[in-house]
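>>> turn this into a structure:
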Amino acid sequence: MKPNKPDAQEKRSTLETLHTLWVPMAVGAVLLVILAIVANLVWKDYSTALMESQTRQMELVVQSLADSIEFSLEEYLDRLDSAVAKVEANPDYKPTLAPSDTLSDLWLEDNDGNVIYRCYGLTAVGDVLLTRTSDISYWQYHSGDTHYLVLKKDVGAQSVCLVVNSTMLYRQLVSDIRVGTNGYVVIKNDRDMVVMHPEAAQWGIQVVDGRQKLYAYKDLDLTSLSELLKAQRTQDSGIRDYYSYWWTDPKLPRVHKISAFRHLDVGSSFWIVSAVVDYDDLYQPVRDSFLKMALMFSAVAVVLVLFTGMMFRLQRKNQRSVTKINDLQEVNEALEELQKSRESLAHDQRLQLMGTLTGGIAHEFNNFLTPITGYADLIMADADPESEIYDNAREISEAAEKARDVVKQISSMSRKNVETVYDAVPVESLIEHTCKLVETNCPKQVRLRQELELHGENVLGNSTQLQQVLLNICINGIHAIGVGEGSLTLRAKVVPREELAARIPEEKISDDWQSYVRVSVTDTGCGMDKDTLAHIFEPFFTTKKQGEGTGLGLALAEQIISTHRGHILAESTLGQGTTFDIYLPVLEQQRAREQVQWGVDHKLRILAADDNKKVLNLLEKDFGRFGLEVLTCSRRGEVRTLLETQPFDALIIDEGLTGGSGVELCMSIQGKYPALTRIVMTSIPTREIVDARRHGVIDGYILKPVSAATLLEEIRACRRSEKQK
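Numbers count the residues shown, from 1 in each chain. Here you go, the predicted model:
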């Protein structure tokens with residue numbers, strides 16, 4: 001029986017389809033095999049390179065930490081030697097100690113180890129010997145969960161003991177260091193005894209024997225850990241992987257770990273600083289990222305195979321002309337997209353260049369303005385206020401201030417997501433500028449008046465934001481008056497703190513300011529009832545018709561005034577009008593003089609670093625006017641040398657210093673000089689500077705141009721903030 005014609009055609013079509021697809025399928029299989037081989041080779045190189053990179057990071061962390069601990073121990077030895085010298089000179093002398101975060105007490109012991117004198121009465125027990133050198137012995141004591149490192153040195157029939165709060169030292173230098181998910185830093189002596197550990201129960205025990213006793217209920221396999229300890233004793237530094245347990249986890253899970261370690265010299269002996277991290281913390285992200293890449297490439301390969309098959313099939317069915325037209329169309333679209341991408345890239349590059357250029361211009365202009373304003377102030381300080389020289393210097397100073405405002409406007413073009421900068425804002429000037437803006441929106445039937453009782457008072461804030469608040473309230477007042485005749489009055493007067501406290505007795509008014517500027521905006525409009533008045537500062541609440549207002553103006557105004565440490569109050573009578581009272585703390589000039597006098601009284605030792613010689617010369621003369629000596633330098637290496645050889649109370653450093661940024665230098669000395677106040681001078685408060693202050697890398701920053709008075713004010717503010725912490 002012969003097959004019918006449709007069946008034969010179907011078979012031929014199936015054979016043609018198989019014939020069409022076997023070539024791309026074979027090519028796809030070969031590509032997959034090649035891809036697998038390449039992926040295996042790439043995986044080995046990729047994982048090795050990333051693991052080496054991450055372990056090098058651990059080595060750098062351990063090296064930095066070992067240097068910091070060594071520096072701290074050297075300081076403690078200097079304190080101990082000072083006390084020993086006094087006791088040697090006078091055996092009956094009772095030494096004293098200036099306490100700090102880590103220095104807790106100073107003891108005298110007899111030959112039997114009994115404490116015969118305590119400077120501050122601290123008692124602790126334990127006396128575990130950590131290290132003994134030729135003349136110094138290091139002991140570990142504890143009082144509750146607090147551990148102490150006691151440095152002892154014999155003086156005749158007694159011993160002088162410096163008591164260091166090692167728990168606090170560990171918190172300051174080590175505990176903030178994050179090593180993976182569960183990792184931590186541990187410090188041991190040369191006999192494998194734990195000196196510092198995140199688990200309080202681990203202090204003072206042997207790494208192997210002590211833990212076997214501490215966790216006797218567990219079947220622990222510490223063979224790999226013992227091999228690690230042997231390597232750490234014999235090598236100055238290195239990286240080792242091993243198997244151990246997470247001692248900070250009550251379940252004691254056994255895991256594969258990596259340890260980066262380094263020797264820390266302690267006299268003729270050494271301690272071992274070791275950073276421990278879970279192996280999976282380093283390996284898992286590498287594996288996951290590579291797996292995602294492999295899956296992505298596999299998907300691309302599959303898509304390519306399918307696409308190739310479809311192309312072969314279409315090539316059999318369609319004419320070459322159609323294929324060429326499609327190809328030309330795709331090429332044309334790709335060229336258009338490429339052209340758009342090039343134009344977009346060029347536009348972005350121009351914007352970036354403009355931001356960089358404006359930032360550089362602002363920096364250079366502020367360097368020029370610093371000596372101009374500084375020397376003008378010096379001339380005004382020495383000249384007779386009635387003389388022509390004084391008037392000329394004042395003109396120079398005022399012109400420089402205007403130039404400074406222009407530079408700030410230029411600087412704003414290159415700022416992104418930085419903190420709002422507050423300056424001294426003259427209230428009279430603020431109200432006058434606001435009135436000029438209001439006049440452009442004020443209809444003829446509304447009279448605009450000013451009643452100011454001011455004498456040059458300033459407030460600390462952002463003039464743009466404050467002007468926005470006043471302008472918003474004035475526009476609301478004009479809308480409330482409507483089409484009828486009325487008046488809008490702006491009043492300003494200095495009032496005592498007690499007035500504000502009496503108006504809002506339910507709130508605690510800060511004692512930092514004794515007087516406030518009260519700025520009142522009064523309109524003779526329609527007024528509001530009590531229910532409406534109670535909700536005017538709520539977001540999205542508005543009395544206007546739908547589509548005419550958002551209800552955010554007064555809510556934003558209240559937020560702005562609150563950030564300026566002020567208060568905004570409203571009083572209204574239906575049919576008679578509304579008054580908004582804004583209270584802002586007065587920035588008293590006397591306070592600036594107090595900052596200067598404070599710096600003189602304390603005889604601050606200041607180190608200033610800037611690559612602009614004119615700025616340094618100005619600071620030397622400006623500080624000299626107050627009787628203060630300031631050392632100056634222009635290179636990063638000079639800063640380090642001076643800090644190591646001389647004591648300073650404050651470091652004032654330019655962000656663009658030759659040899660590296662000021663923030664980077666402050667980061668490199670973090671923890672070495674606890675009493676040093678670090679301030680960065682900058683033309684633009686970048687995100688890096690703001691984050692550095694937030695994380696304690698620097699204590700503060702100040703915008704150029706600067707003077708001795710503004711720097712002393714910033715130093716005092718930073719120190720006050722540090723004490724409050």
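
>>> hmm, which helix or strand of this protein has the shakiest average pLDDT?
For the chain, scoring each helix and strand by mean pLDDT, DSSP states H and E identifies helix 589-602 as the least confident one, at a mean of 53.

>>> helix or strand right after that one?
strand 606-609 (DSSP states H and E).

>>> quick one: D105 and T96 touch, right?
No. Using CB atoms under 8 Å as the test, D105 is too far from T96 to be in contact (10.7 Å). The way it works is simple: take the backbone N, C-alpha and C, and place the C-beta from them, glycine included.

>>> which one's more surrounded, the two?
Looking at D105 and T96 with other CB atoms under 10 Å, you find the greater number of neighbours at D105, namely 21 against 11.

>>> direction included, what does whichever strand or helix holds that one pair up with?
Using DSSP H and E, D105 falls within strand 103-110. Neighbouring strands of strand 103-110 in its sheet, by DSSP bridges, are strand 115-118 (antiparallel), strand 158-165 (antiparallel).

>>> buried ones in that strand?
Residues 103-109 are the ones in strand 103-110 that count as buried (16 or more other CB atoms under 10 Å).

>>> and if you look at stretch 493-505?
493, 497, 500.

>>> what mean pLDDT would you report for that stretch?
Across stretch 493-505, the average pLDDT comes to 89.

>>> could I get the CA-only coordinates of that stretch as PDB?
The C-alpha atoms that make up stretch 493-505 are tabulated as PDB, following Å, rounded to 0.1, in the frame of the first residue of the first chain:
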ATOM      1  CA  LYS A 493      13.600  92.400  67.400                       C
ATOM      2  CA  VAL A 494      16.000  90.900  69.800                       C
ATOM      3  CA  VAL A 495      14.100  89.300  72.800                       C
ATOM      4  CA  PRO A 496      15.300  87.400  75.900                       C
ATOM      5  CA  ARG A 497      15.100  83.600  76.100                       C
ATOM      6  CA  GLU A 498      12.400  83.900  78.800                       C
ATOM      7  CA  GLU A 499       9.900  85.300  76.200                       C
ATOM      8  CA  LEU A 500      10.200  82.100  74.100                       C
ATOM      9  CA  ALA A 501      10.100  79.900  77.200                       C
ATOM     10  CA  ALA A 502       6.900  81.600  78.400                       C
ATOM     11  CA  ARG A 503       5.200  81.100  75.000                       C
ATOM     12  CA  ILE A 504       5.900  77.300  74.800                       C
ATOM     13  CA  PRO A 505       6.200  76.200  78.500                       C
END
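
>>> and the contacts of it?
Residues from elsewhere that reach stretch 493-505 (CB atoms under 8 Å, 6 or more residues apart in numbering): 452-455, 457, 509, 511, 513-518, 567, 569, 581, 583, 586.

>>> secondary structure element for F307?
Using DSSP H and E, F307 sits in helix 279-317.

>>> which strands or helices does that helix pack on?
Packed against helix 279-317 by the contact rule (3 or more CB pairs under 8 Å, 6 or more residues apart in numbering; DSSP states H and E) you find helix 5-89, strand 254-266.

>>> worst average pLDDT in these?
Lowest mean pLDDT of those: helix 5-89, a mean of 74.

>>> contacting residues for S721?
699-700.

>>> actually T677, sorry about that
Counted by CB under 8 Å, 6+ apart, T677 has contacts 649-651, 699-700, 715, 718-719, 722.

>>> and these, which are buried?
649-651, 699-700, 715, 718-719.

>>> those in strands, which ones?
650-651, 700 (DSSP state E).

>>> would you list these in a markdown table and tack on distance to E395?
What follows is these, written out as a markdown table (distance: CB to CB, whole Å):
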| residue | distance to E395 |
| --- | --- |
| A650 | 33 |
| L651 | 35 |
| G700 | 32 |
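
>>> quick one: which of those residues is nearest to G267?
Among those, L651 lies closest to G267 (CB to CB), at 31.3 Å.

>>> check the closest one and give its pLDDT.
92.

>>> tell me how far it lies from C666.
Counting by CB to CB, to the nearest Å, the separation of L651 from C666 is 8 Å.

>>> in the helix or strand containing S562, what's buried?
Following DSSP H and E, one finds S562 within helix 553-563. For helix 553-563, burial by neighbour count (16+ other CB under 10 Å) applies to 553-561.

>>> for those, point out the one with the lowest pLDDT.
G553 (70).
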